[in-house]
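Student: what's the 3D shape of this:
(chains A and B)
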Amino acid sequence: MATLKLFNTLGRRKEEFKPLYDNEVGMYTCGPTVYQYAHIGNLRTYIFEDILRRVLEYNNYKVKHVMNITDVGHLTSDADEGEDKMEVGARLAGKSAWEIAQLYTEAFFKDTERLNILKPHIVCKATDHIPEQIALIQKLEAKGFTYRTSDGIYFDVSKFPDYGKLAGQRLEEKEAGARVEVNPEKRNPADFALWKFSPKGVKRQMEWDSPWGVGFPGWHIECSAMSTKYLGQPFDIHCGGVDHIPIHHTNEIAQSEAAEGVKMANFWLHGEFMIVEGRRMGKSEGNAYLLDDLIKRGYDPLAFRYLCLNTHYRIQLNFTWQALDGAQTALERLREHVRTARAGGGDPAQGKISPEVRERFLAAINDDLNVPQALGVVWDFVRSPQNPSDKLATLLDFDRVLGLRLSEVHAEETVEVPQEVRELLTQREAARKAKNFKEADALRAKIAQLGYDVIDTPQGPKVKRR
RNA sequence: GGCGGCGUAGCCAAGGGGUAAGGCAAGGGUCUGCAAAACCCUCAUACACCGGUUCGACUCCGGUCGCCGCCUCCA
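Tutor: Got it, this is the predicted structure:
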């Protein structure tokens, strides 16, 4: 079997993947900050992580997947100033921070479900793990990595020699480009808050007692506390978007490794960003589309998934409507292959998977998740002569990784056809029998106006919703 | 300003020192009363531009331009 190679940000090279324990893999993926809807750029990262998990499972690893929900403490500025995103969102919506978290968490999982992203085995909220976070901070305090300022407890990065190893950046280099320091109480510009005190005279919606005073945890500490709780330390794989490399993941590593004295995670994988029509994607650019925006335009969520599959996760994906059209058509054709095979009596349970084809597919996905190349294998296969059962068996096997829900495609899509359309169909068949094609075409146009396409087959006419 | 990535046909893209995967679109064909679907065929002397290394480069090196990112919240 082809060995699985993954690009490890830690070291910036492809490495052969080996789990820490037998064939079990602990995987932690940074989840959403639930203060707004996830846009398609966010979703791309979750699709990448889903592919990673599926590839691991395809390689017969038993994966334990943990994802956090950031529902407190993520500030609008990383200078440890600014406001908590949750509280801002709550104020803008006229709801409580808790309601906001609930609303956007549900919206997030609705999106991931529609994209056929497997749900993590453990989804953990930051607010449900306050004691664990406090305990971790205490551990750091006992080891002398922390200090107190007027607004919180901070991590002193100068005490952690490896700080910045993930980003390949040394502290001195960071300082060189740093902006004017806004918090004069910080010892080093890169120091970050572990615990923030509630502002004087302000009653926050989310705040807790702690040994240091009433307040809330810093953004990074939740991931350290929860990943250790559920996966132990070290664990196998930690992922997120590339933007997390220099700050969030760098700080997680500092906290976790300072506290436990061992490596946090063996492999760090990061998904590249999405750009739109060659331009930066952002709210101010007006191109930060939501999955709902695509659905409103008539696209299948899985067409978006297909689009993401067609670009390697470490390359920026240039989103264009034309490309999404192409993905939608390609996906539809793939489904058509499944339908035809089913209609031809194909039974996946009876089919055989060609070892050569499977080998090519596996070689692609095991080469740092080269799904675009794997799709090439799929198309080569699908367009070569196959018996229906073998074809189905192979496609459904590959779909364990692709996640395009091909197993849910059946020979016949049963659609409820209105009585009116049925009658027109009967009339049209009569006209065709009488070779009155002018009349038949006119009836077809009428049916089209009602929203259905007529397709003639040797077994009689079929209709398809437009 | 410092650091990094990318630039492959109309669009999305894989690849990698030995002569360009795949998908979409487009053109032609088989099938059909006509369509649709499916299937078959065609479709980059060429990989931003300019130099260099090499028997040979799109692939390596240097420079230029463009885009994206990080250093500062962001998947």
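
Student: three-state assignment of A:Thr112?
Tutor: Of the three states, A:Thr112 takes helix according to DSSP: H, G, I helix; E, B strand; the rest coil.

Student: Give the closest residue to it in space, chain neighbours not counted.
Tutor: Excluding the flanking residues, the one nearest A:Thr112 by Cβ to Cβ, 6 or more residues apart in numbering is A:Tyr46, at 5.9 Å. Yep, even glycine has a C-beta here, placed from its N, CA and C like the rest.

Student: what's that neighbour sitting at in phi/psi?
Tutor: With angles defined as degrees, to the nearest 10, A:Tyr46 sits at phi -70, psi -30.

Student: Touching, it and A:Asn116? I think so.
Tutor: No - if you go by Cβ atoms under 8 Å, A:Tyr46 and A:Asn116 don't touch, sitting 11.0 Å apart.

Student: who has more neighbours, those two?
Tutor: A:Tyr46 (25 against 18; other Cβ atoms under 10 Å).

Student: Could I get the contacting residues of that one?
Tutor: With contact taken as Cβ atoms under 8 Å, 6 or more residues apart in numbering, A:Tyr46 is in contact with A:Thr29, A:Ala38, A:Thr112, A:Leu115, A:Ile117.

Student: Could you pull out the buried residues of stretch A:253-261?
Tutor: A:Ile253, A:Ala254, A:Gln255, A:Ser256, A:Glu257, A:Ala258, A:Ala259, A:Glu260 (16 or more other Cβ atoms under 10 Å).

Student: Tell me the confidence at the closest residue to the third one other than its chain neighbours?
Tutor: I take that to be A:Gln255. Leaving out its chain neighbours, the residue that sits closest to A:Gln255 by Cβ to Cβ, 6+ apart is A:Ser224, at 4.4 Å. Confidence at A:Ser224, expressed as pLDDT, is 94.

Student: Would you double-check that A:His270 falls in a strand?
Tutor: Yes - under three-state DSSP, A:His270 sits within a strand.

Student: isn't it right next to A:His238, touching?
Tutor: No - look at A:His270 against A:His238 with Cβ under 8 Å: they stay out of range, at 9.5 Å.

Student: Same drill for those two, tell me which one is more crowded.
Tutor: A:His238 (30 against 22).

Student: Now for the more buried one: which residues touch it?
Tutor: A:Met27, A:Tyr28, A:Thr29, A:Cys30, A:Ser227, A:His249, A:Glu252, A:Met264, A:Ala265, A:Phe267, A:Trp268, A:Leu269.

Student: Tell me what it is bridged to.
Tutor: For A:His238, the beta-bridge partners are A:Tyr28, A:Trp268 (DSSP bridges).

Student: Taking the stretch 101-250 of chain A, what residue is nearest to RNA strand B?
Tutor: Among all residues of the stretch 101-250 of chain A, A:Gly241 sits closest to RNA strand B, at 1.5 Å; criterion: Cβ to the nearest atom of the strand.

Student: what residues are up against that residue?
Tutor: A:Cys30, A:Asn42, A:Thr45, A:His270, A:Gly271, A:Phe273.

Student: And for A:Leu56?
Tutor: For A:Leu56, counting by Cβ under 8 Å, 6+ apart, the contacting residues are A:Leu4, A:Val25, A:Met27, A:Val63.

Student: correct me, but the last one touches A:Asn23?
Tutor: No - the criterion here is Cβ under 8 Å, and A:Val63 misses it with A:Asn23 at 9.8 Å.

Student: Have a look at the two and say which one is more surrounded.
Tutor: A:Val63 (22 against 11).

Student: can you give me phi and psi for that one?
Tutor: phi -100, psi 140.

Student: Quick one: end-to-end distance for stretch A:407-423.
Tutor: 33 Å (Cα to Cα, to the nearest Å).

Student: Pull out the buried positions in that stretch.
Tutor: A:Val409, A:Val417, A:Val421.

Student: Same question for stretch A:281-297.
Tutor: Using 16+ other Cβ under 10 Å as the test for burial, stretch A:281-297 gives A:Met281, A:Asn287, A:Ala288, A:Tyr289, A:Leu290, A:Leu291, A:Leu294.

Student: Show me the helices in the stretch 201-350 of chain A, by range?
Tutor: A:221-231, A:250-260, A:291-296, A:301-309, A:321-343 (DSSP state H, counting those that start in this stretch).

Student: wait, which of these is closest to RNA strand B?
Tutor: helix A:321-343 (2.8 Å).

Student: From one end of stretch A:234-253 to the other, what's the distance?
Tutor: 11 Å.

Student: With just CA atoms, put stretch A:236-245 into PDB.
Tutor: Taking Å, rounded to 0.1, in the frame of the first residue of the first chain, the C-alpha atoms of stretch A:236-245 are listed here in PDB:
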ATOM      1  CA  ASP A 236      -1.200  13.300  15.900                       C
ATOM      2  CA  ILE A 237      -2.600  16.100  13.800                       C
ATOM      3  CA  HIS A 238      -3.600  19.700  14.300                       C
ATOM      4  CA  CYS A 239      -5.100  21.700  11.400                       C
ATOM      5  CA  GLY A 240      -6.500  25.000  10.500                       C
ATOM      6  CA  GLY A 241      -6.300  27.800   8.000                       C
ATOM      7  CA  VAL A 242      -2.900  29.200   7.000                       C
ATOM      8  CA  ASP A 243      -3.800  32.400   8.800                       C
ATOM      9  CA  HIS A 244      -3.500  30.600  12.100                       C
ATOM     10  CA  ILE A 245       0.200  29.700  11.600                       C
END
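
Student: re earlier: export the contacts of A:Tyr46 as JSON lines, with columns for pLDDT, distance to A:Asp399 and neighbour count.
Tutor: Formatted as JSON lines, the contacts of A:Tyr46 follow (pLDDT from 0 to 100; distance: Cβ to Cβ, whole Å; neighbours: other Cβ atoms under 10 Å):
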{"residue": "A:Thr29", "pLDDT": "95", "distance to A:Asp399": "22", "neighbour count": "24"}
{"residue": "A:Ala38", "pLDDT": "92", "distance to A:Asp399": "24", "neighbour count": "21"}
{"residue": "A:Thr112", "pLDDT": "96", "distance to A:Asp399": "18", "neighbour count": "23"}
{"residue": "A:Leu115", "pLDDT": "96", "distance to A:Asp399": "14", "neighbour count": "20"}
{"residue": "A:Ile117", "pLDDT": "97", "distance to A:Asp399": "14", "neighbour count": "20"}
